[in-house]
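**Student:** sequence-free structure coming up:
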């Protein structure tokens with residue numbers, strides 16, 4: 001939990017740095033958007049990797065249909081979160 005808090009603080013510091021360094025409002029907004037989209041893309045990549053690793057680890061524990069349903073529900077929830085966040 002502390003690691004997550006540290007990461008969130010670091011991300012906040014990066015965004016504040018973008019705010020401080022931007023020369024105009026449009027540049028500031030574009031820089032923040034690039035940073036945040038980059039973070040989401042990295043999270044998506046990590047999540048996809050986690051799905052594969054989890055699937056490999058749980059192959060012997062879950063039937064294939066249950067496994068697919070768990071991952072599909074996770075993917076749908078993640079995509080809905082991404083859509084909600086990127087709307088703003």
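**Tutor:** That came through fine. Quantities reported herein were computed from a predicted structural model and do not represent experimental measurements.

**Student:** Give me the contacts around the helix or strand of the chain with the lowest mean pLDDT.
**Tutor:** Least confident helix or strand, the chain: helix 64-87 with a mean of 81, by mean pLDDT, DSSP states H and E. Applying Cβ atoms under 8 Å, 6 or more residues apart in numbering, the contact partners of helix 64-87 are 37, 40, 44, 47, 51, 54, 55, 58, 59, 62. Just so you know, the C-beta spots here come from the backbone N, C-alpha and C atoms, and that holds for glycine as well.

**Student:** Narrow those residues to just the buried residues.
**Tutor:** Buried members of the contacts of helix 64-87, scored by 16 or more other Cβ atoms under 10 Å, are residue 51.

**Student:** quick one: average confidence on the longest helix that the chain contains?
**Tutor:** Longest helix in the chain, counting residues (DSSP state H): helix 25-58. Across helix 25-58, pLDDT averages out at 91.

**Student:** Now do the buried residues in that helix.
**Tutor:** In helix 25-58, counting by 16+ other Cβ under 10 Å, buried: 31, 36, 51.

**Student:** got the angle between it and helix 64-87?
**Tutor:** Angle, helix 25-58 to helix 64-87, by axes from the mean of the first three to the mean of the last three Cα atoms, to 10 degrees: 170 degrees.

**Student:** Which strands or helices does helix 25-58 pack on?
**Tutor:** Under the contact criterion of 3 or more Cβ pairs under 8 Å, 6 or more residues apart in numbering; DSSP states H and E, helix 25-58 touches helix 2-21, helix 64-87.

**Student:** would you turn the ones you listed into a markdown table with mean neighbour count?
**Tutor:** Shown next, in a markdown table, are these (neighbours: other Cβ atoms under 10 Å):
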| stretch | mean neighbour count |
| --- | --- |
| helix 2-21 | 11 |
| helix 64-87 | 12 |
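
**Student:** and residue 27, which of the ones you listed is closest to it?
**Tutor:** Between residue 27 and those, the shortest gap by Cβ to Cβ is with helix 2-21, which sits at 8.9 Å.

**Student:** can you list the residues that contact that closest one?
**Tutor:** Contacts for helix 2-21 (Cβ under 8 Å, 6+ apart): 28, 31, 32, 35, 36, 39.

**Student:** Distance-wise, check the fifth one relative to residue 49.
**Tutor:** Meaning residue 36. Using Cβ to Cβ, to the nearest Å, residue 36 is found at 20 Å from residue 49.
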